[in-house]
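**Student:** sequence below, structure please.
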Amino acid sequence: MSKNAHPNSLKAKPGAPTFAYQAQVPALPVPDLEHSLRVLVETCKPLVTTEQLKKTKDAAEDFLKGQGPALQQQLLGLAASMPGVPRGLHPDGSAYPSCHWQEEIWERLAYFGCRDSIAVYSNVFATSVHDVSPSSRLPRAAYGARALAAMKVRLYNQEYEVEMMAGRVACHAQYLRYFGTCRVPGRDIDEITTFTQSRHIAVQCRGAFWTVEIIRANGELAKEGEILAALMTITEHSGVREEMAVLTSLPRTEWAETRQHLLGSDRTNAVSINAIESALFVLSLSDDAPSDPTQMQELLQRGSGTELWFDKSVTLVVFSNGTMGFNLEHGAADAVVPERLGVGIGEGIMALEALTTTPVPLAGGPPPKRLTWAIDEKVRVSIASAWKQYRSLVAGHKLATFEINGHGSQVIKTHRAAPDSLVQIAIQLAHFRDLGKLVATYETASMRLFYHGRTETIRSASLPALNFVRAFDDSSVSTEQKVSLLRKAIEHHTAYTWMAMCGNGIDRHLMALQVLAMMTTGKVPALFMDEGYRLASTWKVTSSQLPWDSYSFPGFGAPPGGYGVCYRIRPNQILATVAAQTGNHTNADRFAARVKEAILDILNALVSSQAKL
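**Tutor:** All right, here's what the predicted structure looks like:
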């Protein structure tokens, strides 16, 4: 893989407004067809037999000689017909039109067209504040909520520094889809709605939902003491647990139909649903008290069934012991973007802990308003169905966390290795040790160096990675030989990552061609039914690194029959959450131990090799 010259060369001037360069961020290109097919065949090599590989090569050649070029021209035409990058962009999240070909295809199909439940498997989650201080639960919630609301105000005032990736200006559009944003279920496809003028938050307590005005009509933020007073009122008057939130865990079509019935059956329901969906975010006051990161991650992923309105883009969860974290709807933006929210929460909690006196409630703010519901027999049946399916989802999924202390990006870089690439190769080693083979592995490449860019696939299972894992536990291979193979695997992964970030990844491209073929002929081209293609494109490990330097465990669900591995590489620490579905050969605890062991074994090999120089 050769490193591409990236079309984004934008540099930010100090003090520039947050969205100053949005109109200059380049549009996403369409990859070259021959390139995508060549890379596809290359990525099949470590995963298929010789016979399967020959069939895949033949299928790729037939596609290139047959309908591939016509579909490529159709895709280029679609890309040319899109409006592209708008000029003079103002940060208004309600105006978020499709601007490039991937939004029309990838975003609609991968996120909003999926009819499965978004609970457990789609939404992402992360811990935020860990130290246990039970007496400060409500003050923490108040300070955390105000810090989040302040981030919204600062964002719309363009007070944040321009965010950079790889030394270049990144697209900031996804930030506009978090505050006041909700995924709205539809019968066939969902949509994202953003309420840019929202000034309230929704607060959940024992399944009941309330609204609290957190931004005044004059634009000023409510004081922490005023928010604290509202939260005290809410906890005092939330009694018997309500169950409406469990409906959002239903499969999307079923939830869409139930939601439509609620809206049409009584105005009370319409008012309550609108209040939640238009809220800046949800603050969920949980009765649970997790004692370790794994318990915390499990609760942030699924709640108790009544504590998470899964459609909301941002839910800040505060547990009864003072620990905190997030549940985030994934369709609105990719996990790298809301990571910044955790930084803002940390700043709010630091302000709270810097106080020399205990915060006290303040009168004067508008009182909280409880949301009510008119529940008929049809809704009761839907709630019962939701509980049954929710419990099945929870029972079918397991998480495990691990941390490595004293080893992080600083140590890895001293060995002249890319930290993320080293962890990805360690995941390959872990899987090889676990099942004796490599499997199709998805890693997220951020495409935010392009306007409205989302993600692309880094195919981490490579031929150099296979050569390395086969040799690593072979006692007849010297440490020097193992490290040499490791470096080749790391270099290959690093090059593939940059290739994808430059707009030359293959997976979104090939999927778009397949979709266009279906729209044009009603048939799936033979290439996409090829066994080698299927094996190399059916992900058994999904993985992602989150970049912000904080003691926060990130996480997401697992693919069928495989693992989800989400991790953070800090200067002197590595944090990870491993997810697995139950009832098959996978085991989250076992694989988490495998990955941790593989990282440490690779680091030890690098140290040993260096010592012999």
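**Student:** only C-alpha atoms from now on, for both contacts and neighbour counts.
**Tutor:** Fine.
**Student:** helices of the stretch 51-200 of the chain, start to end?
**Tutor:** Using DSSP state H, counting those that start in this stretch, the helices of the stretch 51-200 of the chain run over 68-81, 101-102, 137-156.
**Student:** which one, of those, ends up nearest to residue 453?
**Tutor:** Evaluated over the helices of the stretch 51-200 of the chain, closeness to residue 453 peaks at helix 101-102, with 8.4 Å, by C-alpha to C-alpha.
**Student:** which other helices and strands contact that closest one?
**Tutor:** With contacts taken as 3 or more C-alpha pairs under 8 Å, 6 or more residues apart in numbering; DSSP states H and E, helix 101-102 sits against helix 68-81.
**Student:** just the pLDDT for the residue nearest in space to the middle of the chain.
**Tutor:** The residue lying closest to the centre of the chain (C-alpha atoms, centre = their mean) is residue 335, at 3.4 Å. pLDDT for residue 335: 75.
**Student:** any idea which element it lies in?
**Tutor:** Residue 335 belongs to no helix or strand when assigned by DSSP states H and E.
**Student:** quick check: it touching residue 548?
**Tutor:** No - counting by C-alpha atoms under 8 Å, residue 335 stays clear of residue 548, with 10.9 Å between them.
**Student:** residue 585: how many residues sit nearby?
**Tutor:** Number of residues near residue 585 (other C-alpha atoms under 10 Å) recorded here: 11.
**Student:** tell me how many other residues crowd residue 70.
**Tutor:** Neighbour tally, residue 70, other C-alpha under 10 Å: 14.
**Student:** about what we covered before: highest mean neighbour count out of the helices of the stretch 51-200 of the chain?
**Tutor:** The highest mean neighbour count among those, using mean count of other C-alpha atoms under 10 Å, belongs to helix 101-102: a mean of 26.
**Student:** and the contacts of that helix?
**Tutor:** The set of residues external to helix 101-102 that reach it, using C-alpha atoms under 8 Å, 6 or more residues apart in numbering, is 75, 78, 79, 82, 508, 512.
**Student:** also stretch 512-526?
**Tutor:** Contacts of stretch 512-526 (C-alpha under 8 Å, 6+ apart): 59, 63, 68, 71, 72, 74, 75, 102, 105, 106, 528.
**Student:** how far away from the center of its chain is stretch 29-41?
**Tutor:** Put simply, stretch 29-41 sits 26 Å off its chain's centre (C-alpha atoms, centre = their mean, to the nearest Å).
**Student:** same question for stretch 329-339.
**Tutor:** On the basis of C-alpha atoms, centre = their mean, stretch 329-339 sits 5 Å off its chain's mean C-alpha point.
**Student:** give me the distance between the two termini of it.
**Tutor:** Using C-alpha to C-alpha, to the nearest Å, the end-to-end distance of stretch 329-339 comes to 13 Å.
**Student:** quick revisit: going by mean pLDDT, which of the helices of the stretch 51-200 of the chain comes out lowest?
**Tutor:** Lowest mean pLDDT within those: helix 101-102, at a mean of 86.
**Student:** how close does residue 440 sit to residue 68?
**Tutor:** Counting by C-alpha to C-alpha, the gap from residue 440 to residue 68 is 24 Å.
**Student:** any regions of this structure where pLDDT drops low?
**Tutor:** Applying pLDDT under 70 to the chain picks out residues 1-3, 84-98, 129-135, 356-357, 611-613.
**Student:** at 80 what do you get?
**Tutor:** Scanning the chain for pLDDT under 80 picks out 1-4, 82-99, 104, 106-108, 110, 129-135, 335-360, 363-365, 610-613.
**Student:** longest helix in it, please.
**Tutor:** Assignment by DSSP state H gives helix 588-611 as the longest helix of the chain.
**Student:** tell me the helices and strands packed up against that helix.
**Tutor:** By 3+ C-alpha pairs under 8 Å, 6+ apart, helix 588-611 packs against strand 397-405, helix 419-435, helix 479-499, strand 573-581.
**Student:** let's go with 6 Å and repeat that
**Tutor:** With contacts taken as 3 or more C-alpha pairs under 6 Å, 6 or more residues apart in numbering; DSSP states H and E, helix 588-611 sits against strand 397-405, helix 419-435, strand 573-581.
**Student:** got the buried residues for that helix?
**Tutor:** Buried residues in helix 588-611, defined by neighbour count with 16 or more other C-alpha atoms under 10 Å: 588-589, 591-592, 594-599, 602-603, 605-606, 609.
**Student:** burial count for the residue nearest to residue 249 when sequence neighbours are not counted?
**Tutor:** Distances taken as C-alpha to C-alpha, 6 or more residues apart in numbering place residue 119 nearest to residue 249, at 5.3 Å, with adjacent residues excluded. Using other C-alpha under 10 Å, residue 119 is surrounded by 27 other residues.
**Student:** residue 119 contacts residue 248, doesn't it?
**Tutor:** No - applying C-alpha atoms under 6 Å, one finds residue 119 not in contact with residue 248, separated by 7.9 Å.
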